[in-house]
Structures are given as structure tokens and as C-alpha cells.
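>>> Prediction below, plus the sequence it came from.
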Amino acid sequence: MKENQTWVTEFILLGFSLSPELQTLLFVLFSMFYVFTLLGNGVILGLITLDSRLHTPMYFFLSHLAIVDISYASNNVPKMLANLLSRKKAISFIPCIMQTFLYMAFAHTECLILVVMSYDRYVAICHPLHYSVKMSWRVCIALAVTSWVCGFLLALVHVVLILRLPFCGPHIINHFFCEVLSVLKLICADTTLNQIVIFAASVFILVGPLCLVLVSYTRILVAILRIQSGEGRKKAFSTCSSHLCVVGLFFGSAIVMYMAPKSSNPEEQQKVLSLFYSLFNPMLNPLIYSLRNTDVKGALKRVLEKQRAM
């Protein structure tokens, strides 16, 4: 079917079916969470930039994670907040498709950045003598660029497959943003190829990387247990436990959302998972790294002391 799609001008985002009072309350809460997300990730970026002790591969990748989290939340949350206070929860066709594209792009990129961060910890703990060679700045930049490029290229594949099909029927998206699975439900054509590509991408970008992370951390755990110094073990656990918490939050919600059977994953549950994915994860990541990471806490203390001395 090759109908012209230009007649599709906008979609309606149903969002959350709640009373106006509850929607106002959610607006206040989610606005606070969004501000915390921007501030938390902004502080992480600022500390890494200002403190020379954090100019290492690990914190280089953490700065990329913070950028992804800020971008990820900013892609979905502002429109969701606007719709919580609006009666006509509309979004134009092109912004909707862009939202879908950026949502997938940032999600894929974050997944790959988390894998690269686990590889960095694996090399640092299991091969410390070769760390400066295996994780040189040239290698770090190449890994970061590859993560961003692959994330955006995979998202482009999804969007191209969507745009080749016609939309029909009531243009109502039962979600608070243009999530890819919800957009597919508005297409009046066979979306089998789209579903297959989404599942294949989930295996490639979620299951495969998660297996790599688990293998890396199994070897890391064995190496940590061999460390004689109690202080050394504590520092290694500190950096690795922070990353494992972030990995668990990200991969857990993503796998449930995109790989769980449809019968156990109703639309309302998808909204909650997407909310966790879009707002809570980006907000929690800087908290996890600042509360459980001695280097970040030390950098924050030094920056605050400098400010007081000025």
C-alpha cells in the first residue's frame, strides 16, 4: 500500500486517564523529577569537567551517559508535562516521528554506552597493567563515537520502516509520547516486518549486550575477590556496584517492555514502564553514581571547598 501520508497532520496522545486534579498533581511531581534529572546529570557533567582527577576513561563514558540521560528525558518529558495541563493533547506528525526516532536513538546509545562502561571496568580490574594501552583516549573516543552512530543508525532503520507504511483510522496514540509500538498500532498495513526488526533489535541491543555485561562482571567479581587489600576491594566494589545498579534499572525495564509476552504487558503497564524508562532512570543514574561512588563524592567536596574559599 503506497498511499500518500501527507494528509496525516497530527496525533492525539491519550496519556494518563486521570481526573484533572490528579493530572495537575502529576504535573508538579514530574516537573520536579525532570528538574532533578537536569540538575543531577548537569552536576555530574560539571564535576567531570572541573575536576582533573575525573579526566579518566571511566568518567569520560559517564559524561556521555549523563548527556544521553538529559537528551532522553528532554525528548519525552516536556511534551508529557504540557499535555497534563492541556485538554487537546495533540502532537503534529513530524514532531511525533522525530520523538519516536530520538527516543529509539537515545535508548540504543545508552545501552551501548553502558556496555562500553562495563568493558572499561573489566579492563581496569582484570588487566590493570594493560589498561593505558587498551583504554587509550583514541580507543575511548572511537568507542563513544561508535555507540552514538550505531544508536542513531538503528533508530533510523525503525523510522524508515514506519514511514513506508500508511496511517489510517482515528489518530489516537494510547501513550504519553510517540512510543514506537504505540505508533505501529495506527498503521493500516502489515507491520510484521516492523515487529520482526524491533524484536531483532531488542536481541541485538539488549540481550546480547546484557550477556556481555554479565560475563564481564562475573570475571570482575572473581578478580575483586583475589585483591588482597581491603581498601582496594572496597574501591573496586564502589565503582562497579554503581554501574551494576544503573545496568539493572535500564536493561530490566527495557527487556520487560519490548520482550515480554503481549498478554502480560498491557498498554497501561507499558506507560508505567516507559515513564520509568524516560524519567526515573535518568533521574536516578546521577544519584546512584554520586551516592555510591567515592571519586564523585570527593570531586563534589573539592569543588564546594573551592567555592567557599573564593
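Here it is on my side, so go on. Numbering: from 1, shown residues only.

>>> I'd like the distance between Ala107 and Ala201.
According to C-beta to C-beta, to the nearest Å, Ala107 stands 10 Å off from Ala201. In short, each C-beta sits where N, CA and C put it, glycine included.

>>> who's more crowded, these two?
Ala107 (23 against 18; other C-beta atoms under 10 Å).

>>> low-confidence ranges in the chain?
1-8, 169, 228-236, 238-239, 258-268, 291-294, 307-310 (pLDDT under 70).

>>> In it, which helix is the longest?
Ranked by residue count and defined by DSSP state H, the top helix of the chain is helix 93-126.

>>> Now do the helix or strand just after it: distance to the chain's middle.
From helix 93-126 onward toward the C-terminus, using DSSP states H and E, the following helix or strand is helix 131-134. Computed by C-alpha atoms, centre = their mean, to the nearest Å, the chain-centroid distance of helix 131-134 equals 27 Å.

>>> Give me the residues contacting helix 131-134.
The contact list for helix 131-134 (C-beta atoms under 8 Å, 6 or more residues apart in numbering) reads 123-124, 127.

>>> List buried residues within those residues.
Listed as buried from the contacts of helix 131-134 are 123-124; burial here means 16 or more other C-beta atoms under 10 Å.

>>> possible to save the contacts of helix 131-134 as CSV with distance to Ser86?
Formatted as CSV, these follow (distance: C-beta to C-beta, whole Å):
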residue, distance to Ser86
Val123, 49
Ala124, 49
His127, 54
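
>>> Looking at the contacts of helix 131-134, which is nearest Leu184?
Among the contacts of helix 131-134, Val123 lies closest to Leu184 (C-beta to C-beta), at 39.7 Å.

>>> which among the contacts of helix 131-134 gets closest to Leu165?
Val123 (43.9 Å).

>>> count of neighbours near the residue lying closest to that closest one once chain neighbours are set aside?
Sequence neighbours aside, Lys134 is the residue nearest to Val123 in space, at 5.0 Å (criterion: C-beta to C-beta, 6 or more residues apart in numbering). Close neighbours of Lys134, defined as other C-beta under 10 Å, add up to 15.

>>> quick one on the thing from earlier: elements contacting the longest helix of the chain?
strand 10-13, helix 57-84, helix 131-134, helix 137-163, helix 180-184, helix 208-226, helix 230-259 (3 or more C-beta pairs under 8 Å, 6 or more residues apart in numbering; DSSP states H and E).
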